[in-house]
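**Q** sequence below, structure please.
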Amino acid sequence: MIISQASLSQGQVVLAYEFTLDDSAAEKSVWKQGGPGTGRLFINGQLVGESQITSGSLDFGSFGVGQSYGSSVSTDFESPFKFTGTLEKVTVELQ
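**A** So this is what the prediction gives:
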């Protein structure tokens, strides 16, 4: 889990998440995904949280925007933990 060191302000905010595979995992992975690495959280382009992630695979079957589908990533909240604000745009970019 990544916990932000900064609070979200009201109004328009750009959130971003970046996952970088560890070099050893990238060499073993055919698709350059899955395995241990570093997850980073950004608010308006500034790094606000970082954590080592044991498995970085992305499962689009449970990929949800605005609420949690499936099990919670933390005991700090219960699924579906729906977002009640307005999302103007969501972009997913895989590299």
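**Q** buried set for stretch 39-49?
**A** 39, 40, 41, 42, 43, 48, 49 (16 or more other Cβ atoms under 10 Å). Every C-beta, even on glycine, is put in place using the N, C-alpha and C of the backbone.
**Q** from the residues you listed, which is closest to residue 85?
**A** Within these, proximity to residue 85 (Cβ to Cβ) peaks at residue 43, which comes in at 14.9 Å.
**Q** any idea how far residue 49 is from that closest one?
**A** Distance, residue 43 to residue 49, using Cβ to Cβ, to the nearest Å: 9 Å.
**Q** give me the common contacts of those two.
**A** residue 4 (Cβ atoms under 8 Å, 6 or more residues apart in numbering).
**Q** how far away is the residue nearest to residue 88 when sequence neighbours are not counted from residue 83?
**A** Take residue 88 and drop its neighbours on the chain: the residue closest to it by Cβ to Cβ, 6 or more residues apart in numbering is residue 12, 7.4 Å away. From residue 12 across to residue 83, the span is 15 Å (Cβ to Cβ).
**Q** more neighbours, the two?
**A** Ranked by neighbour count (other Cβ atoms under 10 Å), residue 12 and residue 83 place residue 83 first, with 12 against 7.
**Q** who are the neighbours in contact with residue 44?
**A** By Cβ under 8 Å, 6+ apart, residue 44 lies in contact with 13, 14.
**Q** where along the protein do the strands fall?
**A** All strands of the chain, identified by DSSP state E, fall at 15-21, 37-43, 46-53.
**Q** where among these is the average confidence lowest?
**A** Out of those, strand 15-21 stands lowest, with a mean of 86 (criterion: mean pLDDT).
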